[in-house]
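Student: Generate coordinates for the sequence data below:
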Amino acid sequence: MATIRPATPEDRLHLIKMRHALQAHDESSNPHIWKITEEGRRQREEEIDAMLNDPDATTLVAEVDSTPIAFIHATVSNRTHVTPRTVGFINLIYVDPHHRRQGIATDLIRSACRTFTRRGAEEVNLNYIKGNSHAETLWKKLGLEPIRITASTPIEDLEKRLDEQSTDQHS
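Tutor: Purely as a prediction, here's the structure:
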């Protein structure tokens, strides 16, 4: 059984390792996503430090036998220009592959939602990688549906297609 608790600076190395594992999982789920560079790998340490030091964020770990095996990082956004005005955002979530399908992600999400509720959030938002079947299954089961799609293609491919369309339209 996993224990959920706030992340501490002592979790830093475990969080860095899990963040790298999440990136590798995302890259293996969809070959079209942005690939991390060596500079990006080095910046992960700064990213984790910022997560741990952000007083407005919630970073939780799930641990088994005193070893972190999963984490969630979440924030709440207060907006005045659109509704809903207060939104909880799940920025990152990762569960070690050996501990998946045991309810750990659900427990982490439930704990983050308590924070969202305390801070007045009306809705929960998140991003996940298309092709990440674990994420797609979990989020669909919990009732989260895609609203906005991010699409991409190499610029040279887009320019080629634009040229082809121009040629077709002028024929």
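Student: next one: the strand or helix carrying Asp49 to chain centre, how far?
Tutor: If you go by DSSP states H and E, Asp49 is part of helix 38-53. Counting by CA atoms, centre = their mean, to the nearest Å, helix 38-53 is centred 15 Å from the centre of its parent chain.
Student: What lies in contact with the lengthiest helix in the chain?
Tutor: Assignment by DSSP state H gives helix 12-29 as the longest helix of the chain. Applying CB atoms under 8 Å, 6 or more residues apart in numbering, the external contacts of helix 12-29 come out as 7, 33, 35-36, 41, 44-45, 47-49, 51-52, 59, 61, 67-68, 70-71, 92, 94, 96, 129, 131-133. All C-beta spots, glycine's among them, are computed from the backbone N, C-alpha and C.
Student: ok, back up a step: and the next helix or strand past the helix holding Asp49?
Tutor: Note on helix 38-53: by DSSP H and E, the next helix or strand toward the C-terminus is strand 57-64.
Student: I'd like the next helix or strand past that next one.
Tutor: Tracing the chain C-terminally past strand 57-64 and defining elements by DSSP H and E, one meets strand 67-78 next.
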